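Next comes the sequence, and after it the predicted model I'd like to discuss.
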Amino acid sequence: METPSYDELSPLITMALKEDIGSGDITSNAIFEEYHFTRARIYSKGEGVFCGGFLIEYIYHTMDPTVSVTLYRSEGAAVKKDDVIADIEGNVRTLLSGERTVLNFLQRTCGIATRTARMVSIVRDTNIKILDTRKTLPGFRLLDKYAVWCGGGTNHRMGLYDMVLIKDNHIKAAGGILQAVELIKRAYDKRFVIEVEVETLNQVQEAVEAGADIIMLDNMSK
């Protein structure tokens, strides 16, 4: 998966900064002079997988393009406690005002990447892949899925627009799995992969006979 671009994340970053800073950081603005420059350093507080270094640049450059960011860890790299992640140089007001937003983003991406890597490690010696879902925080879908990829996981569909997933409601409305798959093939020919969600072994057989590309077993682990 490619690194999300600034243009893709700009609306989310702008919203997050506005949410936190509002009309201004009244504490930092009162304590520090307008032209006070300094350097900050981000450390890892524990072991994990690093993900989202570009976010530091994206966020601070949204606030002030003159801020300088030096990254010391690559995407998907393993980190341990007290590892230096990045150095940031710029106006102290900017650095402090954007600090929480930067950390909020990094904590999320690194957390997802770390947890994914643990799951991937458990099934390393099998043919099992760890996939993500659409059950993401609104606005963070692209970053959440990128973080899964950084942790060694496999991305499932990004949204409703890039892969067909026939679920129980679709099956009921169409009159069955075979009918639902036929309607999809009629509408799109072979443009999209067709996945069918099933709940019973009989439905598995129906999906196979209907020509589904992927079969998702829903709550069938017991």
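The structure has been received and is ready for your questions.

which residues does the residue most central in space within the chain contact?
Residue closest to the average C-alpha location in the chain (Cα atoms, centre = their mean): Asp144, at 1.2 Å. With contact taken as Cβ atoms under 8 Å, 6 or more residues apart in numbering, Asp144 is in contact with 108-109, 112, 132, 136-137. C-betas here are computed from N, CA, C, even on glycine.

And it, how far from Thr109?
Applying Cβ to Cβ, to the nearest Å, the value for Asp144 to Thr109 is 8 Å.

now swap in Met119 and tell me
Note on Met119: its distance to Thr109, by Cβ to Cβ, is 16 Å.

Name the residue in those two with the higher neighbour count.
Comparing Met119 with Thr109 by neighbour count (other Cβ atoms under 10 Å), the higher total belongs to Thr109, at 26 against 14.

can you pull the contacts of that one?
51-52, 55, 143-144, 146-147, 150.

Would you mind measuring from the most far-flung residue of the chain relative to its centre to Gly22?
In the chain, Glu33 marks the outermost C-alpha relative to the chain mean, sitting 37.2 Å out by Cα atoms, centre = their mean. Per Cβ to Cβ, Glu33 is found 21 Å from Gly22.

Kindly report the same for Ile177.
52 Å.

higher neighbour count, the two?
Taking neighbours as other Cβ under 10 Å, Ile177 and Gly22 compare with Ile177 leading, 25 against 9.

Please check the contacts of Asp144 and keep the buried ones.
108-109, 112, 132 (16 or more other Cβ atoms under 10 Å).

okay, those in JSON lines with distance to Ile214 and pLDDT next?
Below are the buried ones among the contacts of Asp144 laid out as JSON lines (distance: Cβ to Cβ, whole Å; pLDDT from 0 to 100):
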{"residue": "Arg108", "distance to Ile214": "28", "pLDDT": "98"}
{"residue": "Thr109", "distance to Ile214": "27", "pLDDT": "98"}
{"residue": "Ile112", "distance to Ile214": "23", "pLDDT": "98"}
{"residue": "Asp132", "distance to Ile214": "15", "pLDDT": "97"}
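
one step back: for my notes, confirm the residue nearest to the centre of the chain occurs in a helix.
Yes - judged by DSSP: H, G, I helix; E, B strand; the rest coil, Asp144 forms part of a helix.

Can you point out the buried residues in the longest helix belonging to the chain?
For the chain, the helix that runs over the most residues, judged by DSSP state H, is helix 92-122. Of the residues in helix 92-122, those buried by neighbour count under the rule 16+ other Cβ under 10 Å are 92-99, 101-102, 105-106, 108-110, 112-117, 120.
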